[in-house]
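Q: Here is my input, please return the structure:
(chains A, B, C and D)
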2 protein chains.
Amino acid sequence: MSISRNTIQRSLILQTVRSLHHHPTAEEIYRETVKYHPNISKATVYRNLNLLVQQGEILKVEVPDGADHFDFKLQYHHHAYCHKCGSIYDMEMPALEDMMERAKGPQDFLLEECNILFRGVCSKCRQK
Amino acid sequence: MSISRNTIQRSLILQTVRSLHHHPTAEEIYRETVKYHPNISKATVYRNLNLLVQQGEILKVEVPDGADHFDFKLQYHHHAYCHKCGSIYDMEMPALEDMMERAKGPQDFLLEECNILFRGVCSKCRQK
DNA sequence: TATTTAATGATATATAATATCAATAAGAAT
DNA sequence: ATTCTTATTGATATTATATATCATTAAATA
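A: Sure, this is the predicted structure:
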């Protein structure tokens, strides 16, 4: 009993997120998928990205400035965001658990997730 | 030689951010200021909030889901965000510097800022 | 008080994302 | 293989947040 149907569009979108390793946005995923499926709609891209996130197939990386990005890599990790060019890079945080234990937050706040975004200028942009 | 003029609107907006301690959004700041200055424009609120951030009078707290929030408290601190009601709470992070030293990021990335957003459910919402 | 121009208010525009809805097609039932 | 059900699609409208534009207003100074 599956309530989720296996459409060409959905698998193309998943495949695209898995093939683009630069944390693409919905717009970039659309521009890539439309090459192979010319009448795919942006609404379909947005819908399926959300659905794939819900199903745990991909992750959403939300950055403050603009559009959401999507990540094929499922292991727990964080991101560094370049505010010059908008690039997103993976980051490891071995000290995080230690830090979370020592963090003081509001009373009785149920911590579920910790989003850490480093901002700065990436190597490429520094060279310019 | 001042290029920034002291308008009634600007000081009202600053005063409002300083009086509302719940990390208000531009919309909330507008709704508060319009009580005292009925024909203030939303554009003016947005413009002045950005200007006050630039001048270091207030801070912008960018959350992924929706509108930006503004903070009168200037000391370095972080935030916990409740994804049920959208409330933002202050957080202290004594272990952060330690963690930043041990974090592994992309080669030659110039780290300038670290935005940490904890997501979860606040005490109020947990009681419901 | 007059002058200069930064700032305002109103509106248009941009961007990201969701909502709506008739048409289509995936997958089950026959 | 064909029919049936309804999830999904594509197209478009709508929402939300924020910025851009521009004539008018009003700070600050001369």
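
Q: residues from chain A in reach of DNA strand D?
A: Neighbours of DNA strand D within chain A, by C-beta under 7 Å from any atom of the strand: A:3-5, A:7, A:9-10, A:37, A:39-44, A:47-48. Heads up, the C-betas are built off the backbone N, CA and C, glycines and all.

Q: Which residue, neighbours along the chain excluded, lies closest to the residue of chain A positioned farthest from its centre?
A: Relative to the mean C-alpha coordinate of chain A, counting by C-alpha atoms, centre = their mean, the farthest residue is A:Q107 (30.2 Å). Closest residue to A:Q107 apart from its sequence neighbours, by C-beta to C-beta, 6 or more residues apart in numbering or on different chains: B:S123 at 5.7 Å.

Q: which residues does the one you found contact?
A: Contacts for B:S123 (C-beta atoms under 8 Å, 6 or more residues apart in numbering or on different chains) come out as A:P106, A:Q107, A:D108, A:F109.

Q: Give the bridge partners for A:L110, please.
A: Counting by DSSP bridges, A:L110 forms beta bridges with B:V121.

Q: same deal with A:K60?
A: A:F70.

Q: Wait, it touches A:L52, no?
A: No: with contact defined as C-beta atoms under 8 Å, A:K60 does not reach A:L52; the gap is 9.3 Å.

Q: Could you check which of the two is surrounded by more residues?
A: When A:K60 and A:L52 are compared on other C-beta atoms under 10 Å in any protein chain shown, the one with more neighbours turns out to be A:L52, at 19 against 15.

Q: Can you list the low-confidence ranges for chain A?
A: Within chain A, the set of residues satisfying pLDDT under 70 comprises A:1-2, A:65, A:83-84, A:94-95, A:97-103, A:111-120, A:122, A:128.
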